[in-house]
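1. okay, predicted coordinates and the sequence, questions at the end:
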Number of protein chains: 2
Amino acid sequence: MSKKILIALGGNALLQTSEKGTAEEQLAHVHETCKHLIEIINQGYSISVTHGNGPQVGDILLKNELALDRFPPMPLDICGAESQGMIGYMIERSLDNSLKGAGLKIPVITILTQTLVSRNDPAFKNPSKPIGPYYTQAKAQAQEKEHGWVMKEETGKGFRRVVPSPQPIALIEAPAIKELSDEKMIVIAAGGGGIPVIQAADGTLLGVEAVIDKDHTAALFAKDIGAQVLLILTDVEQVALNFKKPDQKNLNTLSVSDAKKYIARGEFGSGSMLPKVESAVSFIEGGGQKAIITSLSQATNALNDKAGTRLVRS
Amino acid sequence: MSKKILIALGGNALLQTSEKGTAEEQLAHVHETCKHLIEIINQGYSISVTHGNGPQVGDILLKNELALDRFPPMPLDICGAESQGMIGYMIERSLDNSLKGAGLKIPVITILTQTLVSRNDPAFKNPSKPIGPYYTQAKAQAQEKEHGWVMKEETGKGFRRVVPSPQPIALIEAPAIKELSDEKMIVIAAGGGGIPVIQAADGTLLGVEAVIDKDHTAALFAKDIGAQVLLILTDVEQVALNFKKPDQKNLNTLSVSDAKKYIARGEFGSGSMLPKVESAVSFIEGGGQKAIITSLSQATNALNDKAGTRLVRS
């Protein structure tokens, strides 16, 4: 019986920031990523996949912006849905091809995913996640006035819209995702953390203009499918204390209690390592067996305890 | 035991051409559409849903165009994937809410869908399906030169890109779609006819710049899930001979053999009624019990043989 693993792909699995972001470039990265996914499958794991959508949803937002005199802009939840289609397709087709190339017959399925958040989440009172293009101060003020956006200055770069980043509560499509995962299909879901929806008192779901951290959602996804392992892939090999300082200390293991201590003292960058460590902690505390944070190239080594940072219960 | 029905939604289920196409407008139409879907469910059917994507993918293409100096344009297959995410989300959430409102507990799932076509399909030698914005002659010639696009003039409107519209052969995700449909989930799939892919000799799937008719794909989808009924919804109540002429004759029933005769003599508009009749014929010939073409508002009447046009075996 194979172990279930949820793999959370970072932005660099799809796009390098130095590139233009053509379909060819993105597909080349996805192809490279899929080679590593095949290695993980060959180690006996049943995989499911989730992924970020930052650069892609940024492009969609900027295109909306450039087309404003022709088209009404689409709200952020719909842009997120678009990005799930786009990225899901690239990963699904590429992974399907890689599986065939490796002589493996495993269906790959992409499920559009909505993620429930609470309308009472404090994030809605304190929008903090920057999205979309940079604006001049004048343009930023106009956007605040016209759309009610909250704009924040980034020193030297200009003004950018910030949106709430609420905590994920549940994946609306969890039953189908689990069903297909149990049938040994590879499920790609909850892209970009899922499309954020809130629930009205009568049960009605409403889309909201927010962004959910994909690593936070990954912990939920992993739990929903009953994964034994959560593997969070990023662009560094290990979690570190004093990151990028002379006394940087890479961690082979990190206990839940130490992780909480380090989180509290601000060791990890918000929007980068912090949500990954939080996700790993949440997964282990929720009963998960193994949570690993590492780079794509070290993924298989990390699964064999030879690389990466492993969260341990105590 | 409930009967399975596949419902193919026309463009007007989402967007009226007279509108701007804001998210609010589209969601209002989807909400209206979902009321009818609930009526069908209440008649004892297990539904699955497919839909067109013409206006939406047109908007995505034009946005690509307007952003050309900032972003590399995405190929048509990726734009189709984006539209599946966008439209699937709107239908799924709205239907989910309508179901709750009707006291029904049925999960709704959107599956990203690739549709296999043949690289030898004659359509690739004769691109005929217009997509995206209109261009001046000079701009059209520049596009032909730069991207190798095939451009066609539409009298009085300008030049437009035309792409191949090959026949669908198979839905790549059919096993998962059937699995979820068998589990009594409502599956939304094959939006816009599915993302067109061809298969190389080694089995590799490649995206192609083409558009598959969503009604043709609907017949495949219906067969794949073992639907007894295929319901094709459009903006007229019945199939007609001499459409929009003084001697227009609406049809209550249409036999497969008559349909083929009428198709041969060009009774039905290509890109409008023709693919619907072809799809209905194909479904009945493939062993389907009932194929109906009608309007959204007449859907339940048509299922009770009181409206619409029903394809009959002979």
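-> In hand now; what should we look at?
2. where's the residue lying closest to residue A:111 once chain neighbours are set aside relative to chain B, distance?
-> Taking Cβ to Cβ, 6 or more residues apart in numbering or on different chains as the measure, residue A:111 lies nearest to residue A:189, with 4.4 Å between them; neighbours along the chain are not counted. (Glycine included, C-beta is placed from N, CA and C.) Residue A:189 sits 10 Å away from chain B, taking Cβ to the nearest Cβ, to the nearest Å as the criterion.
3. okay, now residue A:189: neighbour count?
-> Residue A:189 has 28 neighbouring residues, counting by other Cβ atoms under 10 Å in any protein chain shown.
4. which ones are touching it?
-> Shown here is residue A:189, whose contacts under the criterion Cβ atoms under 8 Å, 6 or more residues apart in numbering or on different chains are A:48-50, A:110-111, A:113, A:171, A:173, A:177, A:221.
5. retrieve the pLDDT associated with it.
-> Listed pLDDT for residue A:189 reads 98.
6. SS state for the residue in chain A that chain B sits nearest to?
-> In chain A, the residue that lies nearest chain B is residue A:85 (2.6 Å; Cβ to the nearest Cβ). Under the three-state scheme (DSSP: H, G, I helix; E, B strand; the rest coil), residue A:85 adopts helix.
7. with adjacent residues omitted, what lies nearest to it?
-> Skipping the residues right next to it in sequence, residue A:85 comes nearest to residue B:85 by Cβ to Cβ, 6+ apart, at 2.6 Å.
8. C-alpha coordinates for the host helix or strand of residue A:63, CSV please?
-> Following DSSP states H and E, one finds residue A:63 within helix A:54-66. Only the C-alpha atoms of helix A:54-66 are listed here, as CSV (Å, rounded to 0.1, in the frame of the first residue of the first chain):
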residue,chain,number,x,y,z
GLY,A,54,1.3,34.7,-7.8
PRO,A,55,3.0,35.6,-11.1
GLN,A,56,0.2,34.3,-13.2
VAL,A,57,-2.6,36.0,-11.4
GLY,A,58,-0.4,39.1,-11.4
ASP,A,59,-0.3,38.9,-15.2
ILE,A,60,-4.0,38.4,-15.5
LEU,A,61,-4.6,41.5,-13.2
LEU,A,62,-2.3,43.6,-15.3
LYS,A,63,-4.0,42.5,-18.5
ASN,A,64,-7.3,43.5,-16.9
GLU,A,65,-5.8,46.8,-16.1
LEU,A,66,-4.5,47.4,-19.6
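9. tell me how far it is from the chain's mean position?
-> On the basis of Cα atoms, centre = their mean, to the nearest Å, helix A:54-66 sits 17 Å off its chain's mean C-alpha point.
10. could you tell me which residues of the stretch 151-300 of chain A lie near chain B?
-> Within the stretch 151-300 of chain A, the positions lying close to chain B (Cβ under 8 Å from any Cβ of the partner chain) are A:172-173, A:175-176, A:179-180, A:183, A:185, A:195, A:197, A:202-205, A:207.
11. quick one: buried ones out of those?
-> Neighbour counting with 16 or more other Cβ atoms under 10 Å in any protein chain shown marks A:172-173, A:176, A:179-180, A:185, A:195, A:197, A:204-205, A:207 as buried within these.
12. show me where the stretch 101-250 of chain A has helices.
-> Listed in chain order, the helices found in the stretch 101-250 of chain A under DSSP state H, counting those that start in this stretch are A:137-147, A:174-182, A:214-224.
13. dump the ones you listed to a markdown table, plus mean pLDDT.
-> Compiled in a markdown table, the helices of the stretch 101-250 of chain A are given as follows (pLDDT from 0 to 100):
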| stretch | mean pLDDT |
| --- | --- |
| helix A:137-147 | 91 |
| helix A:174-182 | 96 |
| helix A:214-224 | 98 |
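14. so where is the stretch 201-314 of chain A shaky, pLDDT-wise?
-> Across the stretch 201-314 of chain A, not a single residue meets the criterion (pLDDT under 70).
15. quick one: the strands in it?
-> Using DSSP state E, counting those that start in this stretch, the strands assigned to the stretch 201-314 of chain A run over residues A:205-207, A:229-234, A:240-241, A:249-250, A:253-255, A:290-295, A:309-312.
16. stretch A:237-246: end-to-end distance?
-> The straight-line separation of the ends of stretch A:237-246 (Cα to Cα, to the nearest Å) is 17 Å.
17. show me what counts as buried in it.
-> Neighbour counts over stretch A:237-246 (16+ other Cβ under 10 Å) mark A:237-241, A:243 as buried.
18. also stretch A:24-35?
-> Neighbour counts over stretch A:24-35 (16+ other Cβ under 10 Å) mark A:26-27, A:29-30, A:33-34 as buried.
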